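Q: Below is the structure, and that's it, no one-letter string:
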């Protein structure tokens, strides 16, 4: 049975993302991590209810970056924290982003087995997202329901937080690190979901702050799309990203959250314009990598 | 600052759970994995909308097992699949379960870093659940926000699915398996969250189908509560559970889902009574372990 997303109407995730990156000329992804305490004062004043304020902030943010970056990454936890209304707002945000031509990677870090993973995939697809982040500690086969549902999946391989070393850096008896073992699973299973442009719908999360490990991981996943967190506020630089590029000088989607979506003083009445400016600077930084 | 849950009004999770197990005399947990296709015909007829049918089924299930088992484990994915209304139904289900005296373990397998993990913990606590399942591939420190929010957390160590071997069974250079490494993290961090009865609010998920590994894991986590999936429909037996008991003959919460919540023919008008009967048989099976 052909993959539903492999038609012209509904392209595979990998092709959709690479086309969007080419269109904009930069692999920049803006992370949507809305928290009530960091909203612009004008949004809070206009929307006293926290859920309404988060909704308005996100929709305006999307409009502010839609011409500047190819993709956004809503953080599911920030919406779940709003309680039941948060699920509806997440859906509206993903749908609005897709309508504005943005590729939507839902950062949900889901991971479960069998039919439960199918439920998670169906739930993520129903939000309007094109891809989801996935934790495969339960086993490599647990990632299959996401591409089967027409979604891209970025599997956590090497994350950007310092504490991840205590799990992901540990050496296995066979000489690989735990992260390298996960990378080999991603590369092997990913061969089943390769699009027209030669990349798989199964990607990997590889943090910008782990660039030295990242080079070795790129060797093990030569045709895998990397979702790269840790840029900007977390300390990762364009130089760090360079180590993660593939042999064609591409294959990455680099995320920055706070440095873009909070690029304003709380009282800034024109905060959306400040966000656009920060998104443009971020996209330009990455454009200078020569990455397409 | 004393833990908010360590007062008489709001006991620590570990104490709450062990007291509930003692009260019932069995460590049986019923998994709530509602799917539309497996609902009783009478519920579907009375509630044509799928969300309303799932809601009614779950609330009746809770009443059917509340006197028989100490705990339930709602599967977040099944509720997320219902879209935005699912979040409200999950909240209602958890709240109703708690009101019926059941300990509620939300099976959400969340896992993220820093403030994002705090959002997940806050979201889980807001549902009314007492504990949540957590994936610590991102690092052992990422589990702390859950007990900090007054929740128990069961960390995925050794899961019941066959494919988990491809990650969790692999030997590290230091001789431990990946699962044993995770177990050591759980035991070490768990010492910070020990209740009146000597158990930690940080528990571990150790599948009944991996009993041979489970014995070694119990050795590394002598005072850790194990949430044990894989019983019943997945093939785990009371004998398998015996290998997971601690030196006092306790320390486990054993989950069965399908074998209890689908213990009826689709047309059974008295399906809730069949569920009660199945829950009682399950609880009795475990009672025979001599486990308290």
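A: Nice, thanks for sending it over. On a predicted model such as this, the values are computed, not experimentally measured, just so you know. Residues are numbered from 1 along each chain as shown, chains lettered A, B, ... in the order given.

Q: For the stretch 1-150 of chain A, which residues are neighbours of chain B?
A: Contact residues (Cβ under 8 Å from any Cβ of the partner chain) of the stretch 1-150 of chain A with chain B: A:33, A:35, A:75, A:77-78, A:80-81, A:83-84, A:86-88, A:91, A:109-117, A:119-120, A:122-123, A:126, A:135-142. No exception for glycine: its C-beta is placed from N, CA and C like everyone else's.

Q: Distance check, residue A:197 against residue A:223.
A: Per Cβ to Cβ, to the nearest Å, residue A:197 is found 10 Å from residue A:223.

Q: Quick check: which ranges of chain A have low pLDDT?
A: A:1-9, A:290-292 (pLDDT under 70).

Q: What residues does residue A:261 make contact with?
A: By Cβ atoms under 8 Å, 6 or more residues apart in numbering or on different chains, the contact list for residue A:261 reads A:30, A:31, A:32, A:33, A:34, A:61, A:275.

Q: let's go with 7 Å and repeat that
A: A:30, A:32, A:33, A:61, A:275 (Cβ atoms under 7 Å, 6 or more residues apart in numbering or on different chains).

Q: Was I right to think the third one contacts residue A:78?
A: Yes - the criterion here is Cβ atoms under 7 Å, and residue A:33 meets it with residue A:78 at 5.3 Å.

Q: Compare these two and say which is more crowded by neighbours.
A: residue A:78 (25 against 20; other Cβ atoms under 10 Å in any protein chain shown).

Q: list the contacts for the more buried one?
A: A:33, A:34, A:35, B:119.

Q: Tell me the one of those nearest residue A:253?
A: Of all the contacts of residue A:78, residue A:33 has the smallest distance to residue A:253: 16.4 Å, by Cβ to Cβ.

Q: From residue A:233, how far off is the closest residue to the closest one other than its chain neighbours?
A: Closest residue to residue A:33 in three dimensions, ignoring its sequence neighbours and counting by Cβ to Cβ, 6 or more residues apart in numbering or on different chains: residue A:75, at 4.3 Å. To residue A:233, residue A:75 is 14 Å away according to Cβ to Cβ.

Q: Who has more neighbours out of those two?
A: Taking other Cβ under 10 Å, residue A:75 and residue A:233 do not tie; residue A:75 has more neighbours (24 against 13).

Q: Pick out the most distant pair among the contacts of residue A:78.
A: The widest separation within the contacts of residue A:78 (Cβ to Cβ) is 10.3 Å, between A:34 and B:119.

Q: Let me know whether my guess that residue A:227 is in a helix holds.
A: No - counting by DSSP: H, G, I helix; E, B strand; the rest coil, residue A:227 is located in no helix; its state is strand.

Q: So it is in contact with residue A:152, correct?
A: No - checked against Cβ under 7 Å, the pair residue A:227 and residue A:152 is beyond contact range at 9.3 Å.

Q: Comparing these two, which residue is more hemmed in?
A: residue A:152 (32 against 27).

Q: if I pick the closest residue to residue A:191 other than its chain neighbours, what's in contact with it?
A: Once flanking residues are discounted, residue A:191 sits nearest to residue A:200: 6.9 Å by Cβ to Cβ, 6+ apart. Shown in contact with residue A:200 (Cβ under 7 Å, 6+ apart): A:14, A:190, A:191, A:193, A:194, A:223, A:224.

Q: Buried residues, the helix or strand harbouring the second one. List them.
A: Think residue A:190. Here residue A:190 sits within helix A:178-190, counting by DSSP states H and E. Within helix A:178-190, the residues that count as buried by 16 or more other Cβ atoms under 10 Å in any protein chain shown are A:178, A:179, A:180, A:181, A:182, A:183, A:184, A:185, A:186, A:187, A:189, A:190.

Q: same thing with stretch A:248-267?
A: A:250-257, A:259-264.

Q: Looking at the residues you listed, which one is closest to chain B?
A: Set against chain B, the nearest of those by Cβ to the nearest Cβ is residue A:257 (10.0 Å).

Q: any idea how far that closest one is from residue A:112?
A: Residue A:257 sits at a distance of 26 Å from residue A:112 (criterion: Cβ to Cβ).

Q: for residue A:182, same thing?
A: When distance is defined by Cβ to Cβ, residue A:182 is 17 Å away from residue A:112.

Q: I'd like to know how many residues surround residue A:134.
A: If we define neighbours as other Cβ under 10 Å, then residue A:134 has 29 of them.

Q: Just give the nearest non-adjacent residue to it, would you?
A: The spatially closest residue to residue A:134, leaving aside those adjacent along the chain, is residue A:153, at 4.6 Å (Cβ to Cβ, 6+ apart).

Q: who touches the host helix or strand of the one you found?
A: Counting by DSSP H and E, the element that carries residue A:153 is strand A:152-158. Strand A:152-158 has contacts (Cβ under 7 Å, 6+ apart) with A:13-14, A:105, A:109, A:130-136, A:143, A:146-147, A:168, A:179, A:182-183, A:186, A:201-207, A:210, A:213-214, A:217, A:227, B:137-138.
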